[in-house]
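Participant: turn this into a structure:
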Amino acid sequence: VAFVVCRSLEGLKTFSYLEELILDNNLLGNDLLLPRLPHLHTLTLNKNQISFQRNTCKMLLDHLAEVVPSLQYLSLLGNIACPNELVCKEKDEDDYQRYRYFVLHKLTNLKFLDTRKVTRREREEALIRGAFMKVVKPK
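Facilitator: Numbering: from 1, shown residues only. Modelled structure (predicted):
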């Protein structure tokens, strides 16, 4: 397990066998770039600055799918991208569920997202409609 407080993740490339990485409470945004970590199964990015601006979150999720193929647990709580009603009063459970479908569409191997186990029904819904479930706020 690595506990890192950082602005740059450059040094992580030397830890290719890393399995768990906790990057909570940093100033990481959608431009987050991880090196290839093929054994990483747990990644927490809680309370950072990840959002659904334009296609940048899609690009981040695509990047994670490529560089952390073994990822099974991801947590994005406390980020703007995660419309959790406990953090953002304007969001409700439907917003959160759409977010889950979108993330699960991109990261198909996840077993847990945030604090919840991924259900079979969620996985099926993500395959069918996940690409269209990005939560965006009208301007």
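Participant: now the longest helix seen in the chain: buried residues?
Facilitator: As assigned by DSSP state H, the longest helix anywhere in the chain is helix 93-106. Neighbour-count burial for helix 93-106 flags 95-96, 98-106 (criterion: 16 or more other Cβ atoms under 10 Å). The C-beta positions use only the backbone N, C-alpha and C, and glycine is treated the same way.
Participant: and the furthest pair within these?
Facilitator: Largest separation among the buried residues of helix 93-106 by Cβ to Cβ: Asp95 and Lys106, giving 17.3 Å.
Participant: check contacts around Leu12.
Facilitator: 4, 18, 21, 34-35, 37 (Cβ atoms under 8 Å, 6 or more residues apart in numbering).
Participant: that's a helix at Gly130, yeah?
Facilitator: Yes - using DSSP: H, G, I helix; E, B strand; the rest coil, the assignment for Gly130 is a helix.
Participant: that one contacts Leu104, correct?
Facilitator: Yes - with contacts counted by Cβ atoms under 8 Å, Gly130 reaches Leu104, the gap being 5.9 Å.
Participant: where along this protein do the strands fall?
Facilitator: For the chain, applying DSSP state E gives strands covering 2-3, 20-22, 42-44, 73-75, 112-113, 116-117.
Participant: now tabulate those strands in JSON lines and tack on mean pLDDT, mean neighbour count and distance to Pro83.
Facilitator: Conversion of these to JSON lines gives the following (pLDDT from 0 to 100; neighbours: other Cβ atoms under 10 Å; distance: least, Cβ to Cβ, whole Å):
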{"stretch": "strand 2-3", "mean pLDDT": "50", "mean neighbour count": "10", "distance to Pro83": "27"}
{"stretch": "strand 20-22", "mean pLDDT": "96", "mean neighbour count": "17", "distance to Pro83": "22"}
{"stretch": "strand 42-44", "mean pLDDT": "98", "mean neighbour count": "19", "distance to Pro83": "18"}
{"stretch": "strand 73-75", "mean pLDDT": "98", "mean neighbour count": "20", "distance to Pro83": "14"}
{"stretch": "strand 112-113", "mean pLDDT": "98", "mean neighbour count": "17", "distance to Pro83": "13"}
{"stretch": "strand 116-117", "mean pLDDT": "96", "mean neighbour count": "10", "distance to Pro83": "14"}
